[in-house]
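Student: Have a look; sequence and predicted model below, questions after that.
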Amino acid sequence: MGSSRQYQERCSNKCYTDCRSDFKGRSDFVINIGLIGFGTVGVGVYNTFMERKDYLEMLLQNELNIKKILVKNIDKERNVKVNRELLTSNEDDFFSDNDIEIIIEVTPGASDAYRYAKKALLGNKHFITSNKALVSAYYEELSTLFEEKNLKFLYEASVGGAIPIVREMKEQIKLNEVTNIRAILNGTTNFILTNIYEKNISFYEALKTAQELGYAEQNPSDDIDGLDSMRKIRILSTLGFGTSIVEDDVLVNGIGNVSSYDIDTLKKRGFKVKLIASAIVSNGRYQVSVFPTAINSKDIFYNIDYRKNIISFTGDKVGELSFIGEGAGMYETANSVLSDLIEVISNKDFTSPLRARGLENSISNYKGNFYVRISNEKIDIPKEFIRDIVSEDNPFVFTTHEIKNFELIEYLKKIRQNDYSIIKIDK
Ligand SMILES: NC(=O)C1=CN([C@@H]2O[C@H](COP(=O)(O)OP(=O)(O)OC[C@H]3O[C@@H](n4cnc5c(N)ncnc54)[C@H](OP(=O)(O)O)[C@@H]3O)[C@@H](O)[C@H]2O)C=CC1
Ligand SMILES: N[C@@H](CC=O)C(=O)O
C-alpha cells in the first residue's frame, strides 16, 4: 500500500485551504491510480482527469497521478495525447505496482474484470468500475469482499451513464422503502428506436451510428437483446429493494424483433416504443422485467429520446423521483467514474447492506396488454386473448386484453409460431 493512504485521516477535515501549498511535491501526498481500459470511457476518464487535475488536487489535498494504464493491445493506434510509457499490456507488471492505491476498471465483459477486481483486493486497492457486466454478475460477492477489507467498490457509471443514480439510490434507501423502479436504461436501443421513429432510418444504420459514437457494447447484442438493461435493473433493484435480485430473476425481452413496421403502426396509434426496465415490489413479491413497451404522450418517458436515459423510482416517504440524462458517451460516463474517484479519496461512500426481506419472485405472473405481430396470415388465437385486430393479412397483428405474458408465449409455441414481435402497451 502506498504511503499516501493516510489521506483519509489527514484530509477528512476542512483543511484544504490551509494546507493547499503544502502537499505539492511531497511523496506522502501522492495518490497513484491505475487505469484498466483505454477505449471510449477510459480515454474520457483520462482526458477529464488531466483537464481537472489541478482543481481536483486542490479539492482533495493530494497530488493525483495516473501511473499506469493497462490495455489489451499495446500497439494499437490511439487518438489521444498520452505518454505512451504509461501504457502496458502486462497484467503482472500493472498489479505488482504497490504504489497504485486505486484501480479504475473500464473494460468490457465480466471475466477478466473479475480477475482484476480480485487482484485489486489482494493488493488492498480500491476498485471503481463502469463495467455493468462485472457488477451485475458479482455484485454481492465483490461488495462483501471489498467491505471486509475496508476498501471501496464503487460503480456509479455502471447504471445510467451520466445520471448519478447509484449515489442517489443509496441516499434515499436510508429513509425509504423503495417500491417501484421504472427506467430507460440503454442509450443504444433508445437511439435506434428514436431514429426509426423520427427519421425512418433503418435498424442497422442506426445501430452502426450508435457503435461509431461509442454508445454500444463491444458485443451490441448485449444492448439489442436487453441484457445491458437487465444488468442495470438487476443492480438498481438489488440496491433499491435491499434484497438480492440476480440476473436469472429478470424477465428479459430486447428489441431484436421490433421492426420499423411495428414502430410505424404504433406511431399511427399515438405510441412510441421504448425499451423499459421495471422493478416492482408489492405484498412481499417482486417482478423485475425488461420489455419493449408502447407508451403514449402523457407518459414522461415519451420524450426521452436518442441516447437519453430516465430513471424514476418511488420511495414510501419521498414519493416518485425522476432523473434524466445521457445514458452513454465518453465524457458523460467518465464524469460518473471520476465522481467515484472523488468519493474514494474523500472517503464519503457508505455501504448498502442487503437485508433479509424475504421477498418472493413472482415474474411468472407478469401481465399486460400486448401488441403482437405474427409474420403470417391470420391464425387462430383464443378469443379471450384478442382485444383488437390491427391487421388481418400478412402480417397478422392484434392487441390483447390484460393477459399473462407466459400464457401468450406458451400459446405461440404450441401453434409453432417462432417469428413474432411482442410489445407491451402501457396505459
Ligand atoms: N461507452 C459507454 O457509453 C459506456 C460504457 N460503459 C461500460 O464501460 C466499459 C468500457 O466501455 P468502452 O470504453 O465503451 O469500451 P471500449 O471497447 O471502447 O474500450 C475497452 C477498452 O478496454 C481494453 N480492454 C479490453 N479487454 C481488456 C482486457 N482483458 N484487459 C485490459 N484491457 C482490456 C481495450 O484495450 P485496447 O484499447 O487495447 O483494445 C480498450 O481500451 C464497458 O464495461 C461498458 O459496458 C458504461 C457506461 C457507458
Ligand atoms: N451500451 C450502453 C452503454 C452505457 O451503459 C448503452 O447504450 O446504454
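Tutor: All right, it came through fine. Residues are numbered from 1 along each chain as shown. Ligands and ions are numbered 1, 2, ... in the order given.

Student: tally of neighbours for E63?
Tutor: 19 (other CB atoms under 10 Å). Backbone N, C-alpha and C define where each C-beta goes, glycine included.

Student: what pairs with it across the strands?
Tutor: Judged by DSSP bridges, the bridge partners of E63 are V30.

Student: and what of the one 5 residues further on?
Tutor: Partner residues in beta bridges with K68: G34, with DSSP bridges as the criterion.

Student: show me the contacts for it.
Tutor: Contact analysis of K68 by CB atoms under 8 Å, 6 or more residues apart in numbering lists G34, L35, L86, L87, T88, D93, F94, D97, I100.

Student: Scan these and report the most crowded one.
Tutor: Highest neighbour count within these, by other CB under 10 Å: L35, with 28 neighbours.

Student: rewinding a little: which ones among the contacts of K68 are found in strands?
Tutor: Counting by DSSP state E, the part of the contacts of K68 found in strands is G34, L35, L87, T88, I100.

Student: Max pairwise distance over these: which two?
Tutor: Largest separation among the ones in strands among the contacts of K68 by CB to CB: L87 and I100, giving 14.5 Å.

Student: Just put the ones in strands among the contacts of K68 in CSV and tack on distance to N176.
Tutor: Listed next are the ones in strands among the contacts of K68 as CSV, based on distance: CB to CB, whole Å:
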residue, distance to N176
G34, 36
L35, 35
L87, 45
T88, 45
I100, 37
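
Student: Closest one of those to ligand 1?
Tutor: Among the ones in strands among the contacts of K68, L87 lies closest to ligand 1 (CB to the nearest ligand atom), at 8.5 Å.

Student: So G37 is in contact with E105, correct?
Tutor: Yes: using CB atoms under 8 Å, G37 is in contact with E105, at 6.5 Å.

Student: residues contacting whichever residue of the stretch 301-427 of the chain sits closest to ligand 1?
Tutor: Closest contact between the stretch 301-427 of the chain and ligand 1, by CB to the nearest ligand atom, is at A328 (3.4 Å). By CB under 8 Å, 6+ apart, A328 lies in contact with G161, N186, G187, T188, G214, Y215, R307.

Student: The third one and G325, how far apart?
Tutor: So that's G187. 10 Å (CB to CB, to the nearest Å).

Student: OK, contacts around T209?
Tutor: Neighbour list for T209: F191, N195 [criterion: CB under 8 Å, 6+ apart].

Student: send the alpha carbons of whichever strand or helix holds it over as PDB?
Tutor: Assigned by DSSP states H and E, T209 falls within helix 203-212. C-alpha atoms of helix 203-212 as PDB (Å, rounded to 0.1, in the frame of the first residue of the first chain):
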ATOM      1  CA  PHE A 203     -32.400  -0.500 -37.600                       C
ATOM      2  CA  TYR A 204     -28.900  -1.500 -38.700                       C
ATOM      3  CA  GLU A 205     -27.900   2.000 -39.900                       C
ATOM      4  CA  ALA A 206     -28.900   3.400 -36.500                       C
ATOM      5  CA  LEU A 207     -27.000   0.700 -34.700                       C
ATOM      6  CA  LYS A 208     -24.000   1.400 -36.800                       C
ATOM      7  CA  THR A 209     -24.100   5.100 -35.900                       C
ATOM      8  CA  ALA A 210     -24.500   4.200 -32.200                       C
ATOM      9  CA  GLN A 211     -21.400   2.000 -32.500                       C
ATOM     10  CA  GLU A 212     -19.400   4.800 -34.200                       C
END
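
Student: Make 28 the first number, not 1, from now on.
Tutor: Got it, first residue is 28 now, which makes that one helix 230-239.

Student: is it anywhere near ligand 2?
Tutor: No: using CB under 6 Å from any ligand atom, helix 230-239 stays clear of ligand 2, coming no nearer than 6.9 Å.

Student: can you tell if that helix touches ligand 1?
Tutor: No: counting by CB under 6 Å from any ligand atom, ligand 1 has no neighbours in helix 230-239; the shortest distance is 9.7 Å.

Student: count of neighbours near the closest residue to S339 other than its chain neighbours?
Tutor: In this structure, S339 finds its nearest non-sequential neighbour in S349, 4.2 Å apart by CB to CB, 6 or more residues apart in numbering. Residues lying near S349 (other CB under 10 Å) number 14.

Student: Test my guess that S349 contacts I327.
Tutor: Yes: counting by CB under 8 Å, S349 does reach I327; the two are 6.5 Å apart.

Student: list residues touching both of the two?
Tutor: With CB under 8 Å, 6+ apart as the test, S349 and I327 both reach I337, S339.

Student: what ranges of the protein fall below the confidence cut-off?
Tutor: For the chain, the stretches flagged by pLDDT under 70 are 28-50, 52, 54, 377.

Student: Within range of ligand 2, give me the residues from it.
Tutor: The chain comes close to ligand 2 at residues G188, N213, G214, T215, Y242, A243, E244, D250, D255, G354, A355, as judged by CB under 6 Å from any ligand atom.

Student: let's see it at 8 Å
Tutor: 157, 159, 184-188, 212-218, 237, 242-244, 247, 249-250, 255, 259, 334, 336, 354-355, 360 (CB under 8 Å from any ligand atom).

Student: circling back to that earlier point, for the residue of the stretch 328-454 of the chain closest to ligand 1, which non-adjacent residue is spatially closest?
Tutor: That would be G214: by CB to CB, 6+ apart, it lies 3.3 Å from A355.

Student: One more: T378?
Tutor: That would be E174: by CB to CB, 6+ apart, it lies 5.3 Å from T378.

Student: show me the contacts for the closest residue to G150 other than its chain neighbours.
Tutor: Nearest non-adjacent residue to G150, counting by CB to CB, 6+ apart: F122, 6.1 Å away. Residues in contact with F122 (CB under 8 Å, 6+ apart) are Y143, K146, A147, G150.
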